[in-house]
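Peer 1: Output the structure for:
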Amino acid sequence: MEKQIRKCRKNWVITVESKNEHHQEIILSTIAKRAYQLFERRGRAHGFDLEDWISAEQELLQDDFSRDTSQFDCFIESPRNPEMTTILSVTAHSMITFRSHALHAGKIGLGPDVASVHVFPDEIDTTQVEVNRVDGLLHVHAPKKNHRNVS
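Peer 2: Model prediction:
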């Protein structure tokens, strides 16, 4: 899979993914993992798999975009912990926020954790995505693809 690192700041990174399939795999596996945690929390009582799946989706999938017709804007929590990196992985159809913790000597890293998933209702222009830090949040601005600004 091709991956291009687009911007790297002190403790956040944006990557642009070339394939949506990879994002879909991550999203589905993360929902499944959370649904299983809900199943375990309920004492492994069977018969609630659909409810667990829906609850996991609602916890993970974010619908926090502005309703502007030309772009999507959202805000993502970005801790200022120097040992934690926020990674934004973007495709034309979705954005996954990961949190990665610094590895300490002798500790095995399992990779970054999925913090949130944003599925765009319209295709975005990944070449125009901008991210800025605002009061401990990352403001993500993603213009819709092929949208022409009328002046």
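Peer 1: going forward, measure contacts and count neighbours with C-alpha atoms only.
Peer 2: OK.
Peer 1: ranges for the helices of this structure?
Peer 2: When secondary structure is read from DSSP state H, the chain shows helices at 20-41, 49-60.
Peer 1: hmm, who's touching the last one?
Peer 2: Helix 49-60 is contacted from outside by 31-32, 34-36, 38-39, 115-117, using CA atoms under 8 Å, 6 or more residues apart in numbering.
Peer 1: what's the spacing between the residue nearest to Lys144 when sequence neighbours are not counted and Val131?
Peer 2: Among residues not flanking Lys144 along the chain, Ile124 sits closest, at 4.1 Å (CA to CA, 6 or more residues apart in numbering). From Ile124 across to Val131, the span is 14 Å (CA to CA, to the nearest Å).
Peer 1: In contact with the residue most central in space within the chain: list those residues for me.
Peer 2: Note on the chain: the residue nearest the mean C-alpha position is Ile96, at 1.9 Å, using CA atoms, centre = their mean. Going by CA under 8 Å, 6+ apart, Ile96 touches 23, 88-90, 114-118.
Peer 1: Gly136 too?
Peer 2: Neighbour list for Gly136: 77-80 [criterion: CA under 8 Å, 6+ apart].
Peer 1: give me the low-pLDDT residue ranges for the chain?
Peer 2: Low-confidence segments of the chain (pLDDT under 70): 1-11, 18, 63-68, 102-110, 147-151.
Peer 1: could I get the helices of the chain as JSON lines with distance to Val140 and mean neighbour count?
Peer 2: Listed next are the helices of the chain as JSON lines, based on distance: least, CA to CA, whole Å; neighbours: other CA atoms under 10 Å:
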{"stretch": "helix 20-41", "distance to Val140": "18", "mean neighbour count": "16"}
{"stretch": "helix 49-60", "distance to Val140": "18", "mean neighbour count": "16"}
